[in-house]
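**Q** quick one: sequence and predicted model below, then my questions.
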2 protein chains.
Amino acid sequence: MARIPDPKRTLTLRDVSEASGVSEMTVSRVLRSRGDVSDTTRERVLDAARRLGYVPNKIAGALASQRVNLVGVIIPSLSNMVFPEVLTGISETLDDTGLQPVVGVTNYSPEREEAVLYEMLSWRPSGVIIAGLEHSDASQAMLANAGIPIVEVMDIDGTPVDSAVGISHRRAGLEMAEAIVAAGYRRIGFLGTMMPHDHRARKRLAGFEEGLAKAGLTLADREFYSGGSALLKGREMTAAILARTPDLDFLYYSNDMIGAGGLLYCLETGIDIPNRLGLAGFNGVELLDGLPRRLATMDACRYEIGRIAAEIVAGKHRDGIIGGEIVELTPTLEPGDTIRRN
Amino acid sequence: MARIPDPKRTLTLRDVSEASGVSEMTVSRVLRSRGDVSDTTRERVLDAARRLGYVPNKIAGALASQRVNLVGVIIPSLSNMVFPEVLTGISETLDDTGLQPVVGVTNYSPEREEAVLYEMLSWRPSGVIIAGLEHSDASQAMLANAGIPIVEVMDIDGTPVDSAVGISHRRAGLEMAEAIVAAGYRRIGFLGTMMPHDHRARKRLAGFEEGLAKAGLTLADREFYSGGSALLKGREMTAAILARTPDLDFLYYSNDMIGAGGLLYCLETGIDIPNRLGLAGFNGVELLDGLPRRLATMDACRYEIGRIAAEIVAGKHRDGIIGGEIVELTPTLEPGDTIRRN
DNA sequence: AATCGCTATGTTACCGCTAACAACTCCGGC
DNA sequence: GCCGGAGTTGTTAGCGGTAACATAGCGATT
């Protein structure tokens, strides 16, 4: 174990510089591998730094260099399965850029989003990736004036501040409706969350109803929930909606988790899936692979969204282009075993 | 929209000070609500700051004040369900302390843990919450010399650097074994992950075998996996182990997710649960509530662990005590419907 | 009226590091 | 022998705030 000169005070460049007999500047150069330093000096410095257990102070470094290797990532929730996957895409892409993601969670609250954004911008990150296109006026203003790359992710139905990467949830809902109608279902129910700030779920529903309307149909019934175990809620809601409107022949769930609950419920109850009743969810979560039947769903391109957003922030996506990019990904319908095949 | 003097340059205290006709120091005082400032001045400053869209620079502030309102949180994974819940406990508790969590993910790799820790410490956080008690020598040294509160969470079977909050996974395994033996099961199989760095899963298994040994039993068979959809893997592994060792009468899963997969498989196959075959998992995840039967499990006190860890870092847990606290929580066995009742 | 004690505000000196530039060494080429 | 340039190291001046202390204003006290 190295001998620590003064256990109370934290080490600075000066300590390393004194321990190795060179100037602070040279130590700084060695530790950042920047500029020319002779091999012997480098070794001596690295040795001293290691021996002392020196950890650089990025606060001072960032202030002096006006450069911060942080990227703010603002998402509504961590318990949703969806966002961790976006994060994975971001992290992996950022890994070889020297940039580091810093995550903030808003719980679908615009006020918290504003607070989190303010806090993040006060650390002067080199970019921000934020879920959704809907933000408070103050948040919009902060994003617009931040002077750094901003990427709004998940959704492209709207006008981004700067860049955007995502899918059209309106279209996702619409296409699902078309597929369901094409499969011959007519009495269709919707089950989803009650969250007023989940704009993407709202847009999917709007697109879905639009798709039904094209075929002259409307939703036969709907059921909403908030909070609790999604799988359990899926069961309960399915039981409730079927009790209320027994002649439904299709249930569209706003996410796979409640869809999976509904699927389990129907299988137990002995309902003939997909003939008597069809089911579909949204997201394409991995979890579904382990279910007794494969729930029809639509992939949300989560990993890909994260990857591209990170590339844009890092300036690696189409070199030269600085901002204002809009990347629309197209989700694919996975019919699974819960929609009739024609 | 406010008129921005110079769109290129980012705003500083000086801009606000000039716009409001007071010194930078007074602006600083207003924005931090520290010290006495007259109401008229305060209003004038706040107005100017709002009008300009000023966002304070915490980098400069932190350097000058030697105070950083960040708490580093280092966890192995986000896709595990378990850690997001710990995070929730941490966030909620930190919320009214002015402290802010910053999350780093290691993917169960000691090397990445070391890198993430180094990166975090270089931002001089006011505390670190880190999962597990096993770290590389370098990581241990960094933690020991950081001069800030360190809380190692999840596990208490070992020696913490500073404080620790968690459960004894050894004992959790042992108690589960005792319960299973008491229920009359004798041919017991284990199914778990192959990750060599998941020390907690390893300790649970060790405790479990210890518990079996007390009754003169040993594991009849075992099956490991890595990667992929846990639910699906649970199915596959269950099929595999039962094919190989058909006379097993109990399956102990290292986590609820694979346990749930196993449960679904067994129900489909028509195996008599819990009489012909008993099942148990670990964690007590909310997901289980939606399953056809309630899987036996043991709660890992995730939320509580997060809450207490955050309190310790914030200095709110037993005021006066600075560090070196060890808090052991005791998980409770939830027998569910998959262990025979006597 | 001089003194005291507040409150409200300003001034100065850093925090720990890095950009920019200066300086010095050593080498070969003319 | 002098010069130019490359390679290496040092010096200086901030980056944008805040702690600590200084100062000004003003009513109350004696």
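**A** Sure thing, it's come through.
**Q** could you tell me the end-to-end distance of stretch A:214-232?
**A** 33 Å (C-alpha to C-alpha, to the nearest Å).
**Q** can it be said to contact chain B?
**A** Yes: using C-beta under 8 Å from any C-beta of the partner chain, we find that stretch A:214-232 touches chain B at A:229-232. (C-beta placed from N, C-alpha, C; glycine too.)
**Q** what's the PyMOL syntax to select whichever of those residues are buried?
**A** Of the residues of stretch A:214-232 next to chain B, the buried ones can be selected in PyMOL as follows, counting by 16 or more other C-beta atoms under 10 Å in any protein chain shown:
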select buried, chain A and resi 229+230+231+232
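**Q** format the residues of stretch A:214-232 next to chain B as CSV; extra columns: distance to DNA strand D, pLDDT and secondary structure.
**A** Listed next are the residues of stretch A:214-232 next to chain B as CSV, based on distance: C-beta to the nearest atom of the strand, whole Å; pLDDT from 0 to 100; DSSP: H, G, I helix; E, B strand; the rest coil:
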residue, distance to DNA strand D, pLDDT, secondary structure
A:229, 43, 89, coil
A:230, 42, 91, helix
A:231, 47, 94, helix
A:232, 47, 96, helix
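**Q** now for the residues of stretch A:214-232 next to chain B: which two are most distant?
**A** Greatest spacing in the residues of stretch A:214-232 next to chain B, by C-beta to C-beta: A:230 and A:232 (7.4 Å).
**Q** quick one: the strands in the stretch 1-150 of chain A?
**A** A:70-75, A:100-105, A:127-131, A:150-155 (DSSP state E, counting those that start in this stretch).
**Q** present these as TSV; the columns should include distance to DNA strand C, mean neighbour count and mean pLDDT.
**A** Formatted as TSV, the strands of the stretch 1-150 of chain A follow (distance: least, C-beta to the nearest atom of the strand, whole Å; neighbours: other C-beta atoms under 10 Å in any protein chain shown; pLDDT from 0 to 100):
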stretch	distance to DNA strand C	mean neighbour count	mean pLDDT
strand A:70-75	15	25	98
strand A:100-105	15	22	96
strand A:127-131	18	27	98
strand A:150-155	24	26	98
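**Q** identify the contacts common to residue A:230 and residue A:232.
**A** Both residue A:230 and residue A:232 are contacted by A:261, B:290, under the criterion C-beta atoms under 8 Å, 6 or more residues apart in numbering or on different chains.
**Q** quick revisit: as CSV, the strands of the stretch 1-150 of chain A with distance to residue A:249 would be great.
**A** Shown next, in CSV, are those (distance: least, C-beta to C-beta, whole Å):
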stretch, distance to residue A:249
strand A:70-75, 36
strand A:100-105, 39
strand A:127-131, 34
strand A:150-155, 30
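**Q** to chain B, which of those strands lies closest?
**A** strand A:100-105 (5.3 Å; C-beta to the nearest C-beta).
**Q** ok, and does the closest one reach over to chain B?
**A** Yes: applying C-beta under 8 Å from any C-beta, one finds strand A:100-105 touching chain B at A:100, A:102-103, A:105.
**Q** dump these into JSON lines; add distance to residue A:248 as well.
**A** Below are the residues of strand A:100-105 next to chain B laid out as JSON lines (distance: C-beta to C-beta, whole Å):
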{"residue": "A:100", "distance to residue A:248": "49"}
{"residue": "A:102", "distance to residue A:248": "45"}
{"residue": "A:103", "distance to residue A:248": "40"}
{"residue": "A:105", "distance to residue A:248": "36"}
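**Q** now the helices for the stretch 151-300 of chain A?
**A** A:169-182, A:199-214, A:230-244, A:256-269 (DSSP state H, counting those that start in this stretch).
**Q** name the stretch among those that sits most buried.
**A** helix A:256-269 (a mean of 24; mean count of other C-beta atoms under 10 Å in any protein chain shown).
**Q** picking that back up, redo the helices of the stretch 151-300 of chain A as TSV? Include distance to residue A:118.
**A** Below are the helices of the stretch 151-300 of chain A laid out as TSV (distance: least, C-beta to C-beta, whole Å):
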stretch	distance to residue A:118
helix A:169-182	27
helix A:199-214	21
helix A:230-244	31
helix A:256-269	32
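**Q** so which of those is nearest DNA strand C?
**A** Nearest to DNA strand C among the helices of the stretch 151-300 of chain A is helix A:199-214; the distance by C-beta to the nearest atom of the strand comes to 40.4 Å.
**Q** OK, contacts around residue A:28?
**A** Contacts of residue A:28 (C-beta under 8 Å, 6+ apart): residue A:13.
**Q** ok, it to chain B distance?
**A** Per C-beta to the nearest C-beta, to the nearest Å, residue A:28 is found 13 Å from chain B.
**Q** and the pLDDT for that residue?
**A** Residue A:28 is assigned 96 on the pLDDT scale.
**Q** repeat that for residue A:317.
**A** 83.
**Q** what's the neighbour count on the nearest residue to it once chain neighbours are set aside?
**A** Excluding its sequence neighbours, the residue lying closest to residue A:317 (C-beta to C-beta, 6 or more residues apart in numbering or on different chains) is residue A:311, at 3.7 Å. By the criterion of other C-beta atoms under 10 Å in any protein chain shown, residue A:311 has 21 neighbours.
**Q** just checking, residue A:311 touches residue A:93?
**A** Yes: using C-beta atoms under 8 Å, residue A:311 is in contact with residue A:93, at 5.8 Å.
**Q** between those two, what contacts are shared?
**A** Joint contacts of residue A:311 and residue A:93 (C-beta under 8 Å, 6+ apart) do not exist.
**Q** residue ranges in the stretch 1-150 of chain A under the pLDDT threshold?
**A** Confidence mapping of the stretch 1-150 of chain A against pLDDT under 70 gives the ranges A:1-8.
**Q** got the residues of it near DNA strand C?
**A** Residues of the stretch 1-150 of chain A lying close to DNA strand C (C-beta under 7 Å from any atom of the strand) are A:10, A:12-14, A:24-25, A:28, A:31-32, A:34, A:56-57, A:60-61, A:63-65, A:67.
**Q** go again with 10 Å.
**A** Neighbours of DNA strand C within the stretch 1-150 of chain A, by C-beta under 10 Å from any atom of the strand: A:9-17, A:23-32, A:34-36, A:54-67.
**Q** if any of those are buried, put those into a ChimeraX selection.
**A** Buried subset of those, written as a ChimeraX selection, criterion 16+ other C-beta under 10 Å:
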select /A:10,11,13,15,16,17,26,27,28,29,30,31,54,55,56,57,58,59,60,61,62,63
